[in-house]
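In: prediction below, plus the sequence it came from.
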Amino acid sequence: IRMHGKDPEEPEKCLQMILRDYGYERYEGVCPIWTNTAIMVYSMLYGNGSFDRTMQLCAEGGYDTDCNMGNVGSIAGMAYGLENIRSCWIEPLHDTLIGSSSLGSLNETTITDSVKMFTRIACRLNGIRIDASLKERTDRIQADFSLPYGVWGFRALTSRYAEAHLQQEDAKLKLIILHGYKNALLQVRRVIMHTPEEIYDCRYQPQSAASLFAGQTLTFRLSNPEKLKVRFHIILETADGKEIHGPETEALTVSLQVPSSVHVPLKAYSLAVRFEEDVKKSNLWIRSFTIDRCINAQLDFDKWKNEDRGLDYGGQRFRSLQGMITVSGRGRFTDKGLCLNHGMIDFGDFDQKYDSITWRFLYTGKEDVQFLFGMKGNRRYQAVHLSEKGVFYTENENENQKETSLNISLKKMKKQKWMQLTLKFQY
């Protein structure tokens with residue numbers, strides 16, 4: 001700060017001073033905060049109110065560039081306003097946010113939904129009434145196109161035969177068609193579960209959980225103001241590389257229920273547009289997109305895959321379970337199903353409510369296992385606890401665990417046999 005006061009037009013002098021007097025070699029630890037704080041303050045001072053220049057200086061300063069730029073970008077964004085940030089910093093993200101929490105369905109989300117979530121938290125902490133537009137829906141998943149650049153993770157897949165661009169406008173998605181030749185197929189696609197081949201981070205180790213299941217219905221509501229001769233259908237992509245195509249229709253409401261034959265994780269879904277004649281410089285609109293919460297699925301874990309995510313930060317091979325989050329311990333899929341030893345895994349939609357859940361498992365008589373539900377984190381959940389002592393209903397709140405006996409005897413249960421545990425819920 002003192003150097004900026006003396007030489008406000010000489011950022012290189014300031015950076016050299018930081019490298020000389022506050023470099024990593026002067027401190028213990030992997031990622032010293034002193035050095036990185038200096039880089040962040042330096043970039044904001046010499047950025048002179050320009051988002052571009054601020055981020056450039058922060059990147060060129062080196063060291064912990066991802067965290068530094070994330071912190072500086074957040075501060076500069078708030079300070080300068082969205083209107084002073086060029087679209088090249090925002091549009092390539094496609095309103096997509098990938099995390100590494102222990103709750104898998106939160107790891108594949110959108111910037112729009114995250115903004116609303118943090119706003120709700122801020123309102124609750126400060127006793128502010130939450131506006132109706134920010135409230136969560138419990139009956140269905142609703143795409144939100146209301147915020148600038150809010151495309152909710154959708155992007156147009158273009159080719160030589162169909163080229164288009166997607167943008168948010170008037171709380172809808174505008175599909176700007178540059179050209180589409182007769183019989184060509186244009187997809188507006190959203191990935192809901194990235195594979196290890198698509199994303200790699202050795203330090204934060206992001207994992208993706210399955211969040212869309214058989215029985216749920218996807219619905220697009222569209223507008224075709226130019227009366228284009230097109231037909232629509234929905235495409236589902238499974239994690240094992242298969243595609244499921246819904247029926248084509250000219251209707252402007254397009255729906256598809258995930259079929260009961262889907263027993264593996266779903267990776268992505270798309271709205272497909274087929275051109276029945278050549279089209280140039282035209283528009284279609286996605287007015288809304290919803291997914292209901294009516295799951296009726298059978299998950300066959302013997303068909304799910306073990307994943308290799310490469311080396312972690314310590315140089316060890318990091319393995320994960322397809323469609324699941326390994327919170328602790330180590331699990332693997334075998335031809336008999338999921339095998340978990342001294343650990344915790346989770347999957348599914350964080351906000352989902354269920355009518356019933358049935359687990360089918362191999363009973364050995366030596367289990368100490370909890371079948372979790374109502375999970376809000378690896379320390380907040382409800383469970384049925386099965387152990388040599390009996391069967392218990394468990395509530396865990398930040399490691400304060402309360403158990404109630406369900407008065408079920410295990411003495412008559414045959415060992416080394418497949419058993420079934422069914423829970424029915426009332427809300």
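Out: Received it, and whenever you're ready, just let me know what you need.
In: show me where the stretch 101-250 of the chain has its helices.
Out: Secondary structure of the stretch 101-250 of the chain by DSSP state H, counting those that start in this stretch: the helices cover 111-125.
In: low pLDDT regions in it?
Out: Applying pLDDT under 70 to the stretch 101-250 of the chain flags no residue at all.
In: quick one, strands of it?
Out: 108-109, 140-142, 155-157, 162-169, 172-180, 185-191, 217-223, 230-238, 243-245 (DSSP state E, counting those that start in this stretch).
In: and these, which is most packed in?
Out: Sort the strands of the stretch 101-250 of the chain by mean neighbour count, taking mean count of other Cβ atoms under 10 Å, and strand 108-109 sits at the top with a mean of 22. Using the backbone N, CA and C atoms, a C-beta is placed for each residue, glycine as well.
In: I'd guessed G374 sits against V384; true?
Out: No: contact criterion Cβ atoms under 8 Å: G374 and V384 do not qualify, at 11.3 Å.
In: neighbour count for the two, which is higher?
Out: Neighbour count, other Cβ atoms under 10 Å: between G374 and V384, V384 has more, with 19 against 13.
In: got a list of what the residue positioned nearest the centre of the chain touches?
Out: Nearest to the mean C-alpha position of the chain, by Cα atoms, centre = their mean, lies E108 at 0.7 Å. Neighbour list for E108: 98, 191-194, 208-209, 211 [criterion: Cβ atoms under 8 Å, 6 or more residues apart in numbering].
In: may I see the strands of the stretch 101-250 of the chain organised as a markdown table, with distance to S87 added?
Out: Converted to a markdown table, the strands of the stretch 101-250 of the chain look like this (distance: least, Cβ to Cβ, whole Å):
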| stretch | distance to S87 |
| --- | --- |
| strand 108-109 | 21 |
| strand 140-142 | 25 |
| strand 155-157 | 15 |
| strand 162-169 | 9 |
| strand 172-180 | 14 |
| strand 185-191 | 19 |
| strand 217-223 | 24 |
| strand 230-238 | 28 |
| strand 243-245 | 32 |
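In: can you check which of the ones you listed gets nearest to E91?
Out: Closest of those to E91 is strand 162-169, at 8.1 Å (criterion: Cβ to Cβ).
In: and the closest one, how far from the chain's centre?
Out: Chain-centre distance of strand 162-169: 22 Å, with Cα atoms, centre = their mean, to the nearest Å.
In: same check on stretch 123-130?
Out: In terms of Cα atoms, centre = their mean, the centre of stretch 123-130 is set 25 Å apart from its chain centre.
In: before we move on, what about stretch 225-243?
Out: Mean-position distance between stretch 225-243 and its chain equals 22 Å (Cα atoms, centre = their mean).
In: measure that stretch end to end?
Out: When the termini of stretch 225-243 are compared using Cα to Cα, to the nearest Å, they are 30 Å apart.
In: strands of the stretch 251-400 of the chain, residue ranges please.
Out: 253-257, 266-275, 279-292, 306-311, 317-321, 325-334, 337-346, 356-363, 369-377, 380-387, 390-397, 400-405.
In: list the buried residues in the longest one.
Out: Right, the one you point to is strand 279-292. For strand 279-292, the neighbour count (16 or more other Cβ atoms under 10 Å) marks 279, 282, 284-286, 288-291 as buried.
In: derive a ChimeraX selection command for the buried subset of the contacts of E108.
Out: Buried residues among these (16+ other Cβ under 10 Å), as a ChimeraX selection:
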select :191,192,193,194,208,209,211
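In: so the residue nearest to Q352 when sequence neighbours are not counted versus R330, what's the distance?
Out: Once flanking residues are discounted, Q352 sits nearest to R293: 5.9 Å by Cβ to Cβ, 6 or more residues apart in numbering. From R293 across to R330, the span is 31 Å (Cβ to Cβ, to the nearest Å).
In: same check, this time on W152
Out: Noted for W152: a distance of 35 Å to R330, by Cβ to Cβ.
In: just want to know which of these two has more residues nearby.
Out: Between W152 and R330, W152 has the larger neighbour count (other Cβ under 10 Å), namely 22 against 14.
In: give the contact list for the more buried one.
Out: Counting by Cβ under 8 Å, 6+ apart, the residues that W152 touches are 95, 110, 112-113, 143-145, 173, 190, 289.
In: swap in 7 Å and give it another go.
Out: Neighbour list for W152: 95, 110, 112, 143-145 [criterion: Cβ atoms under 7 Å, 6 or more residues apart in numbering].
In: can you pick the most crowded of those residues?
Out: Using other Cβ under 10 Å as the neighbour criterion, D95 leads those with 27 neighbours.
In: got a list of what G49 touches?
Out: The contact partners of G49, taken as Cβ under 7 Å, 6+ apart, are Y80.
In: helix, strand, or coil at it?
Out: Three-state assignment for G49 (DSSP: H, G, I helix; E, B strand; the rest coil): coil.
In: gap between it and K116?
Out: Counting by Cβ to Cβ, the gap from G49 to K116 is 28 Å.
In: same question for I357.
Out: Note on I357: its distance to K116, by Cβ to Cβ, is 28 Å.
In: okay, these two: which has more neighbours?
Out: Using other Cβ under 10 Å as the criterion, I357 and K116 rank with K116 on top: 20 against 16.
In: and the end-to-end length of stretch 77-97?
Out: Terminal residues of stretch 77-97 are spaced 17 Å apart (Cα to Cα).
In: quick one: buried residues of that stretch?
Out: Going by neighbour count (16+ other Cβ under 10 Å), the buried part of stretch 77-97 is 77, 85, 91, 94-97.
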